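Trainee: Prediction below, plus the sequence it came from.
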Amino acid sequence: MGASKRVILDRIAYEPPVNGDHLIKVPRKVLFMSANDYYENGKLVCSGIVCDGCGNAIMTPYVWILVLANPWRVWGAICEDCKKRYHSNKPAYVMVNKQTHIPI
Ligand SMILES: [Zn+2]
């Protein structure tokens, strides 16, 4: 993917904000510097982020991060398709800031 899991951890959470396996919807600009993405006329044409599940480029303005609870760890980024296919039963949260995650 376009950034290491260490970078994700640094950007989204210093400690577990939520118990249990879950998904966090994170604006891509929070995770990645603009240099990782390539825009043409304001439209994202080449993504610096790929899905850790299927390997496809993630082109959405947000990125789903899969977080596993035991032991607590960031699994990686997943695309909308993999979320629907494999993780639709997991609770999802939107990240407000590093410490605050609101259920969606
Ligand atoms: Zn995927």
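Mentor: In hand now; what should we look at? Numbers count the residues shown, from 1 in each chain.

Trainee: how about the strands in the chain?
Mentor: Applying DSSP state E to the chain gives strands spanning 22-27, 38-40, 43-46, 62-69, 72-78, 92-97, 100-103.

Trainee: Quick check: which of those is nearest to N56?
Mentor: Minimum separation from N56 across the strands of the chain (C-beta to C-beta) falls at strand 72-78, 10.0 Å. The C-beta positions use only the backbone N, C-alpha and C, and glycine is treated the same way.

Trainee: Show me which residues of this protein sit near the ion.
Mentor: Counting by C-beta under 5 Å from the ion, the residues of the chain lying close to the ion are 51, 53-54, 79, 82.

Trainee: which stretches of the protein have low pLDDT?
Mentor: Under the criterion pLDDT under 70, the flagged ranges of the chain are 1-7, 9-11, 13-17, 32-35.

Trainee: follow-up on the earlier one: for the residues of the chain next to the ion, give me CSV that also has neighbour count.
Mentor: Putting the residues of the chain next to the ion into CSV (neighbours: other C-beta atoms under 10 Å) gives the following:
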residue, neighbour count
C51, 21
G53, 19
C54, 12
C79, 22
C82, 19
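
Trainee: Inside helices: which ones of those?
Mentor: Within these, residues falling in helices by DSSP state H are C82.

Trainee: Going by distance to G42, which of the residues of the chain next to the ion wins?
Mentor: The nearest member of these to G42, counting by C-beta to C-beta, is C79 at 21.9 Å.

Trainee: Identify the residues contacting that closest one.
Mentor: 51, 53-54, 56, 58, 60, 64 (C-beta atoms under 8 Å, 6 or more residues apart in numbering).

Trainee: Please report how far D81 lies from H101.
Mentor: As judged by C-beta to C-beta, to the nearest Å, D81 and H101 stand 23 Å apart.
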